[in-house]
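**Q** I need the structure of the sequence given here:
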Amino acid sequence: MTKRIVVIEDDADLFALLKYNLEKEGFQFTGAQTGLGAIDLCRRARPDLILLDIMLPDSDGLDICKAIRRDPELSQTPVIFLTARASETDRIVGLELGANDYIVKPFFIREVIARIKLQFRTQAAPVRTLKAGGVELDRSSCQVKLDGSILALTATEFRLLEFLMTRPGVVFSREQLLNAVWGQDRAITDRTVDVYILRLRQKIEADAAAPRMIHSVRGFGYSFEPRSQEMALVAAS
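**A** The predicted structure is shown next:
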């Protein structure tokens, strides 16, 4: 499957050069020349790797990297810094903040390509199909099946279910789910999460009033953990 790369780089010539060479190598390219909105761009693009400049005109790439590592949806995505900061201290700071690699400008494009491929060689093969409790979620086709029958989910419902299924048993607050699924730049409330959880339950649960897969944790939020009917009855009692 084609690897997706997000590039955040303000130099127009370098941005165009990276785009040309990455696409020539068969990568899927998405990018921006400003740091504002970088996290939301990455959430939408779902990249396999991020190339990130540090000295952006409107943002600090180090802060963006920290935000990526805090984001539950992006935290495992490899980040390679592209920067003119060449001191040993700068390199150490960048790597300690969570970058996987640090490339100093000017550089050879072939070196960048080689380091990107090295990151992909060391990655475990991603799971493309998630299965639990009779639910089968296919990330490649963006389809969800329940006991073999295709369900009609909206894009947001799909992202919410995918996020929960990739972290079974983990309890997330409404705020965490909003940030992971809707993004931080949003004008919606915690109540939105409750509405979408109800919609998902109505589609994947045998009884939305007595859920066996998506569970409420009073005073905190929700988790995805398929349970047998007997376990669900015990938990509800």
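
**Q** can you give me the helices for this structure?
**A** Under the criterion DSSP state H, the chain contains helices at 12-24, 38-45, 61-70, 88-96, 109-122, 155-165, 174-177, 190-204, 229-236.

**Q** who are the packing partners of the shortest one?
**A** Read that as helix 174-177. Applying 3 or more Cβ pairs under 8 Å, 6 or more residues apart in numbering; DSSP states H and E, one finds that helix 174-177 contacts helix 190-204, strand 221-224. Placement of C-beta: from N, CA and C, glycine included.

**Q** follow-up on the earlier one: hey, least reliable of the helices of the chain by pLDDT?
**A** Ranked by mean pLDDT, those bottom out at helix 229-236, which scores a mean of 36.

**Q** residue nearest the centroid of the chain?
**A** Nearest to the mean C-alpha position of the chain, by Cα atoms, centre = their mean, lies E73 at 3.2 Å.

**Q** any idea how many residues pack against the residue nearest to that one when sequence neighbours are not counted?
**A** Sequence neighbours aside, A180 is the residue nearest to E73 in space, at 4.7 Å (criterion: Cβ to Cβ, 6 or more residues apart in numbering). Look at A180: counted by other Cβ atoms under 10 Å, it has 20 neighbours.

**Q** then the one 3 residues further on?
**A** Neighbour count of G183, defined by other Cβ under 10 Å: 18.

**Q** now do I5
**A** By other Cβ under 10 Å, neighbour count at I5 equals 24.

**Q** quick check: it touching L49?
**A** Yes: with contacts counted by Cβ atoms under 8 Å, I5 reaches L49, the gap being 5.2 Å.

**Q** what residues go with each domain of this protein?
**A** Domains of the chain are assigned by automatic domain parsing as 4-122, 129-236.

**Q** sweet, I'm off.
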